[in-house]
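Novice: Could you look at this predicted model? Sequence included:
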Amino acid sequence: MIGRWLGSRTNREQRTSPLAALETPPSAGVLSCRVLDPVNEPVRHAEFAVSDTMGRPVVGGGLDPFGSFVTTVPAGEYRLAVSAEGYTPYRTTATVGENALVSLGDVTLQIAQPPEPPGPGDWEIEPAHTSIGFTARHIGLARIHGRFNSFAGVVRITEPVERTAMHVVIDAASIDTGLRMRDDHLRSADFLDVAAFPTLEFYSDRFVHKGGARWAVTGALSLHGVTRTVVLDMEYLGLGNGMEGEVRAACRATTELHRDDFTVSWQTMLARGIAVVGPSIRVDLDVQLVRKG
């Protein structure tokens, strides 16, 4: 009775084994790691990616609240990459044996230097290398992707950069989802009502540095005759040279809009009660800027 209560020596060893709580196939092993910042705090928003020696993805994902990951992989040699916004990526290799735990221990990510900002002055959005896209849910299943093909904008870079201002104007009638009938409906009074409201406009209020290359751009969006405050989650990608040698600045940004906020409330339901169009729209911007001539 006492022996059964305390457990056998074999059972006690299994309970203390790092692999005891994991069900691993006979030909697999376990790879683990903890990710810390320079002051030994967990980097909870980091992501890991494991690939084989040919660079083909094997497994990846986020970390737990303690900044750790544990993953089961077939025995073999692997490349590991750990990345997080604002930090320099970490890369290493590891060999995982059958029924073995390979722990890389604590990995410290170093804070990345932010890209050089564009110089002060007026910069124009360059339409040929910029896209203003959106994604909407259709009948609760598929996603419909679209874009606006005609737009213009200016960004006035200042010192400090936090006082930068941006103004963007979008031609509402240039909406394009690749299907003429659908686009005509989106231009109608049911949605954008381009006859009454021919443009969408965005004026920024402030730029807030969130660390690394990440910024929050707060501003007023006017759409369908209604103006609301929106926040763009922006990543600044740095400077580069165009084909003519001109200096370009690049960034990408996302935000989410709710149709009812802008009184774009047309809706119809399928027989099963599923909305034809979802209530929210994701907006994705890829922007290149050139100095205003």
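Specialist: All right, it came through fine. Since this is a predicted model, take the numbers as computed values, not measurements.

Novice: what sits against residue 87?
Specialist: 37, 43, 46, 109-112, 212 (C-beta atoms under 8 Å, 6 or more residues apart in numbering). Every residue, glycine included, has its C-beta placed from N, CA and C.

Novice: same deal with residue 108?
Specialist: With contact taken as C-beta under 8 Å, 6+ apart, residue 108 is in contact with 36-38, 40.

Novice: how about the strands of the stretch 51-200 of the chain, start to end?
Specialist: Secondary structure of the stretch 51-200 of the chain (DSSP state E, counting those that start in this stretch): strands located at 57-62, 68-74, 76-83, 90-96, 101-108, 121-125, 131-138, 142-148, 151-157, 165-171, 175-176, 199-211.

Novice: Now tell me what touches the longest one from outside.
Specialist: Outside of strand 199-211, the residues that reach it under the criterion C-beta under 8 Å, 6+ apart are 85-86, 148, 153, 161-172, 215-223, 229-230.

Novice: and the angle from that strand to strand 142-148?
Specialist: 100 degrees (axes from the mean of the first three to the mean of the last three C-alpha atoms, to 10 degrees).

Novice: for the stretch 51-200 of the chain, what are the low-confidence residue spans?
Specialist: Applying pLDDT under 70 to the stretch 51-200 of the chain flags residues 138-142.

Novice: neighbours around the residue nearest to residue 55 when sequence neighbours are not counted, how many?
Specialist: Nearest residue to residue 55, sequence neighbours excluded (C-beta to C-beta, 6 or more residues apart in numbering): residue 79, at 7.2 Å. Other residues within reach of residue 79, judged by other C-beta atoms under 10 Å, total 17.

Novice: thinking residue 79 is in contact with residue 53, fair?
Specialist: Yes. Using C-beta atoms under 8 Å, residue 79 makes contact with residue 53 at a distance of 6.9 Å.

Novice: I'd like the contacts of residue 87 as a markdown table, with neighbour count and distance to residue 59 appended.
Specialist: Below are the contacts of residue 87 laid out as a markdown table (neighbours: other C-beta atoms under 10 Å; distance: C-beta to C-beta, whole Å):
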| residue | neighbour count | distance to residue 59 |
| --- | --- | --- |
| 37 | 17 | 24 |
| 43 | 21 | 19 |
| 46 | 23 | 15 |
| 109 | 20 | 20 |
| 110 | 11 | 25 |
| 111 | 12 | 27 |
| 112 | 16 | 25 |
| 212 | 18 | 26 |
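
Novice: and residue 50, what element?
Specialist: strand 47-52 (DSSP states H and E).

Novice: ok so, going back, of the contacts of residue 108, buried ones?
Specialist: The neighbour-count test (16 or more other C-beta atoms under 10 Å) marks 36-37 as buried among the contacts of residue 108.

Novice: so which of the contacts of residue 108 would you say is closest to residue 261?
Specialist: Set against residue 261, the nearest of these by C-beta to C-beta is residue 37 (36.7 Å).

Novice: how much space between that closest one and residue 77?
Specialist: Counting by C-beta to C-beta, to the nearest Å, the gap between residue 37 and residue 77 amounts to 28 Å.

Novice: Spit out the contact partners of the most centrally placed residue in the chain.
Specialist: Centrality entry for the chain: nearest residue to the mean C-alpha point is residue 254, 7.7 Å, by C-alpha atoms, centre = their mean. Residues near residue 254 by C-beta under 8 Å, 6+ apart: 232-233, 282-285.

Novice: Now the two most distant members of the residues you listed.
Specialist: The span of these, defined through C-beta to C-beta, is set by 232 and 282 at 12.1 Å.

Novice: Settle it for me: which of those two has more neighbours?
Specialist: Each of residue 232 and residue 282 has its neighbours counted (other C-beta under 10 Å); residue 232 has more, 21 against 16.

Novice: Quick one, grab the pLDDT at that one.
Specialist: Confidence at residue 232, expressed as pLDDT, is 96.

Novice: who's in contact with the helix or strand hosting it?
Specialist: Following DSSP H and E, one finds residue 232 within strand 226-241. Outside strand 226-241, the residues that touch it by C-beta under 8 Å, 6+ apart are 85, 114-118, 202, 205, 213-221, 247-255, 257, 261-263, 285.

Novice: If you count neighbours, what's buried in it?
Specialist: Buried positions in strand 226-241, judged by neighbour count with 16+ other C-beta under 10 Å: 230, 232, 234-237.

Novice: what about dumping the CA coordinates of stretch 224-237 to PDB?
Specialist: C-alpha atoms of stretch 224-237 as PDB (Å, rounded to 0.1, in the frame of the first residue of the first chain):
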ATOM      1  CA  HIS A 224     -19.500  58.700 -46.200                       C
ATOM      2  CA  GLY A 225     -19.900  62.200 -44.700                       C
ATOM      3  CA  VAL A 226     -18.900  61.100 -41.200                       C
ATOM      4  CA  THR A 227     -15.600  61.900 -39.500                       C
ATOM      5  CA  ARG A 228     -14.200  59.500 -36.800                       C
ATOM      6  CA  THR A 229     -10.800  59.200 -35.100                       C
ATOM      7  CA  VAL A 230      -8.800  56.200 -36.200                       C
ATOM      8  CA  VAL A 231      -5.400  54.800 -35.200                       C
ATOM      9  CA  LEU A 232      -3.000  53.400 -37.800                       C
ATOM     10  CA  ASP A 233      -0.500  50.800 -36.500                       C
ATOM     11  CA  MET A 234       2.500  51.800 -38.600                       C
ATOM     12  CA  GLU A 235       5.900  50.100 -39.200                       C
ATOM     13  CA  TYR A 236       8.500  52.400 -40.700                       C
ATOM     14  CA  LEU A 237      10.700  50.400 -43.100                       C
END
